[in-house]
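**Q** With the sequence up front, the predicted model follows.
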Amino acid sequence: MYHKFCRLCHSIVIAILVLSIVGCAAPVAAPSPAPAAEAPAPIAAGLEACQGQNLVLASMTDQYVAAFRALIPQFEEASGARLTLDELGYVDLYQKLIADFVGQTANYDLMTVDIVWSGEFGQNQYTLPLDDFMARDEAELQLDDILPVAWTLGEWQGAHVAYPLAGYANVLNYRKDVLEEAGIEPPATQEELLAAAQALTDPDAGFYGMALLGAKGPAVAQDYMVWVQQHGGRILDDEGKPALNTPENAEILKFFGELFNYAPPGSADYWWDQRETAFRSGNVAMMEGWSIARAGYENPEISSVVGKVDIAVAPVKAGLEPKFGFGGWGIGINADSTPQEQECAWQFIKWLTSPEIQKEWLRNDGAPIRRSTMTDPEIVAQYPWMPVLLESFEKGDGDYRPRIPQYSIIQDALGTHVNAFIVGQVTAEEALDAAQKQVEDNWQ
Amino acid sequence: MVTTDHQISTQENRWLARVRRFRSREGAYWVMLAPLLVFVVAVAIYPLLFSFRISFFKYRLTDPNQVQTFVGVDNYLRALQDPTVLTALRVTLIYVAGTVIVELLLGLALALLLASEMRTTRFVRSFLLVPMALPPLVVGLVWKSLYNADFGVIPYYLKQMGVSVGRGPLAEPAWAMPAVILIDVWQWTPLLMIIFLAGLKSLPTEPYEAAYADGATRWSRFIHITLPLLKPTILVALLLRTMQSFKVFDTIYATTGGGPGSTTTVLNFHIYTVGMTFFDMGYAASLANVLLVIIAILSALYIMLLERQQL
């Protein structure tokens, strides 16, 4: 009896081991879908290459991800392809993409590409240059309709390593009720902005003039670079070398630091979400930020300033020719995907960025790239701030954050030392000297 | 054909004999150990050796050609001269000292307080274990919200009490380090409490009975009996927490990002920046090895102390 029991135990253990090894060896293929009761929808013209393809798209969880969620099922129906959306935070997205590219695993066929990654992705040949596809399908693409600045979302040394997807303009959001009550016009220059911020700040009432990004890391670095651009400063010199510690930049940093006197006390620790919360909760009068957040201020579920906000072009230093910070996302194709997957991925990009789909893209929280969409009467009626965006796009500067492979080194150095200046640990000159040295030490 | 009991018994005996023969050979042990050895080599030894090897190379992970240039001990020399590394090392030591000392004292106090087997203490003990069950990243994000100067609960009540919070605990250079230490203390003191409770439960009762008979006070019993007997447990707890504290990353990543300035940039966070932001893997590997050596030396010291206690 004992032996029988032992044999039974041995059999169970062996069975478990075998099953676990088999289970680990390879994912079990998904069962093929049962034949549909109804006939499948006909494949749309031009999308035949996608029939039966399985693609994965890695997307940043910005507002436009809602538009992906809404439009991908339409694409799947039209093309017969299956497109899986993987939504990732900024840092996660970047690191997962790099791991995918370096390991040549091609887990992602399509990916959203931040404007500042284009240099790195282009130089390292991570994403497929789209120029051949673009030349082949030029007749269908209506390239002239895409605003010139939008091409910075993925252009690197003459090649298109990502296609324009979502253009953001740096704009000035302001509380029209507060400014009207105080008799202040929306600031047109940086000097007026500072004066308005000062006049509108009332710490006893818990109300502040500006909301700013001050947290160590990308947040404060990117906000500081916006101010460098608005004051005519530069991050790189004429030879493309880092020039962070110029006297002009030190003056700009002091101006940027002064604005923090009129920002909520916690601003020195604000990331994008906290800055948005400060503005949406009605604690601040003005905020410069990406235009994609504008629609959210009219959503009563997340905003207590519905109907009280207006936007203007971002103010620049008096006397400077207006140029506005431009950013956003391109969409790229993995260079390691198979040619069939790349072809289908390109069909998706072409479909998504076509004028017809772009209107749907915008209505579902996407961001524009085409002039025709931004001037479409229906769209303008729905989003009355579109003309301000168009003006910002037309005079947009997509290179105020250097789109070079070493961008992360610059961002990290500024992120540390500008933050140290904001919290009063060092002077503006010391901060920029330290940042310059850190960049030079790590420059590759 | 009818199988008799005798035949089954013979078959079983043969099978058992084969097993015995197999077991008697030394090779059998290797066969049984092999899966574990393969696992350890694959997930621990190989990465360690790889990291040791690339620390002697200039190796940028994002290089499309994956070029690795031998640079000898240059990465280690660079680490010793890098002001960021020296600052990070100083910050790490402050963090480790702060967390370990506070947790040790609090853990011991809690263990003594909750050592009795009453219904209330049992409930409190299990309740105190909750922070340990949470991932450090989640803990960091929750505390970041609590600390927020404008919307956080902690600054709100501090303001109500008339205390100025300035830019908030995480953005004030003087408060950022105590603030992140407090998070670690909140999460990991229960672990030390559990270790000390186990230690207290295993203490012999005779010395206490003798001390009680001699009229010793509670304090002198604690100083002269409990503490000396608990020394090995304290050293184990010290060893565990020091090693964990040196490796802190998640909490810093989720709360301050090493800021303000470099106030909370611990060595592990700096290694992450070099490795995962600059992708300078050779240099990051050399920094990781420096951290490994520091932890190894401290661990060896503790273990030597522990062994001396047990002699």
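**A** Looks like it arrived, so ask away. Please read all numbers here as calculations on a predicted model, not as lab measurements. Numbers count the residues shown, from 1 in each chain, chains lettered A, B, ... in the order given.
**Q** Every contact and neighbour count from this point should use C-alpha atoms.
**A** Fine.
**Q** And the pLDDT at the residue sitting nearest the centre point of chain B?
**A** Nearest to the mean C-alpha position of chain B, counting by CA atoms, centre = their mean, stands B:Q244 at 2.0 Å. If you check B:Q244, the pLDDT there is 92.
**Q** And B:V91, how far from chain A?
**A** Here B:V91 is placed at a distance of 15 Å from chain A (CA to the nearest CA, to the nearest Å).
**Q** same thing with B:W175?
**A** In terms of CA to the nearest CA, B:W175 sits 12 Å off from chain A.
**Q** Now name the helix or strand holding that residue.
**A** helix B:173-201 (DSSP states H and E).
**Q** That helix: what's the following helix or strand?
**A** Defined by DSSP H and E, the subsequent element after helix B:173-201 is helix B:206-214.
**Q** what does that following helix contact?
**A** B:221, B:225 (CA atoms under 8 Å, 6 or more residues apart in numbering or on different chains).
**Q** quick one: the residue nearest to the centre of chain B from B:M193, how far?
**A** Distance of B:Q244 to B:M193, computed by CA to CA, to the nearest Å: 16 Å.
**Q** domains of the chain?
**A** Looking at chain A here, since you left the chain open. Domain segmentation of chain A under automatic domain parsing yields A:52-168+A:327-390, A:170-326+A:399-442.
**Q** was after chain B, sorry
**A** Taken from automatic domain parsing, chain B resolves into B:5-54, B:74-310.
**Q** quick one on the thing from earlier: just put the domains of chain A in a markdown table and tack on mean pLDDT.
**A** As requested, these are exported to a markdown table (pLDDT from 0 to 100):
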| stretch | mean pLDDT |
| --- | --- |
| domain A:52-168+A:327-390 | 95 |
| domain A:170-326+A:399-442 | 95 |
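**Q** so can I have CSV of these showing distance to chain B?
**A** What follows is these, written out as CSV (distance: least, CA to the nearest CA, whole Å):
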stretch, distance to chain B
domain A:52-168+A:327-390, 5
domain A:170-326+A:399-442, 4
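**Q** so can I have CSV of these showing distance to B:G168 and mean neighbour count?
**A** What follows is the domains of chain A, written out as CSV (distance: least, CA to CA, whole Å; neighbours: other CA atoms under 10 Å in any protein chain shown):
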stretch, distance to B:G168, mean neighbour count
domain A:52-168+A:327-390, 25, 19
domain A:170-326+A:399-442, 6, 20
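**Q** any chance of those domains in JSON lines, plus distance to B:L298?
**A** JSON lines is the format used below for those (distance: least, CA to CA, whole Å):
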{"stretch": "domain A:52-168+A:327-390", "distance to B:L298": "33"}
{"stretch": "domain A:170-326+A:399-442", "distance to B:L298": "30"}
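**Q** So for B:W186, which of those sits nearest?
**A** domain A:170-326+A:399-442 (21.9 Å; CA to CA).
**Q** From start to finish, how long is the closest one in a straight line?
**A** 30 Å.
**Q** Return the residues of the stretch 201-311 of chain B in contact with chain A.
**A** Proximity of the stretch 201-311 of chain B to chain A (CA under 8 Å from any CA of the partner chain) is limited to residues B:256-262, B:276-278.
**Q** what sits against the closest residue to chain A within chain B?
**A** The minimum distance from chain B to chain A, using CA to the nearest CA, falls at B:G261 (3.9 Å). Residues in contact with B:G261 (CA under 8 Å, 6+ apart) are A:216, A:416-421, A:423, A:425, B:173.
**Q** Confirm that it sits in a strand.
**A** No. Counting by DSSP: H, G, I helix; E, B strand; the rest coil, B:G261 is not found in a strand; it is coil.
**Q** Give me the phi and psi angles of it.
**A** Dihedral pair for B:G261: phi 60, psi -120, per degrees, to the nearest 10.
**Q** again, but for A:E155
**A** Torsion angles, degrees, to the nearest 10, at A:E155: phi -90, psi 130.
**Q** Same check on A:F260?
**A** phi -60, psi -20.
**Q** Then A:Y174?
**A** Dihedral angles for A:Y174 - degrees, to the nearest 10 - are phi -140, psi 160.
**Q** now A:D86
**A** Dihedral angles (degrees, to the nearest 10) for A:D86: phi -110, psi 110.
**Q** List the beta-bridge partners for it.
**A** Beta bridges link A:D86 to A:A58 when assigned by DSSP bridges.
**Q** Am I right that it is in contact with A:L55?
**A** No. A:D86 is beyond contact range of A:L55, at 10.7 Å (criterion: CA atoms under 8 Å).
**Q** Spatially central residue for chain A, please.
**A** Nearest to the geometric centre of chain A sits A:G328, at 4.3 Å (CA atoms, centre = their mean).
**Q** Who does that one form a beta bridge with?
**A** Residues in beta-bridge contact with A:G328 (DSSP bridges): A:G167.
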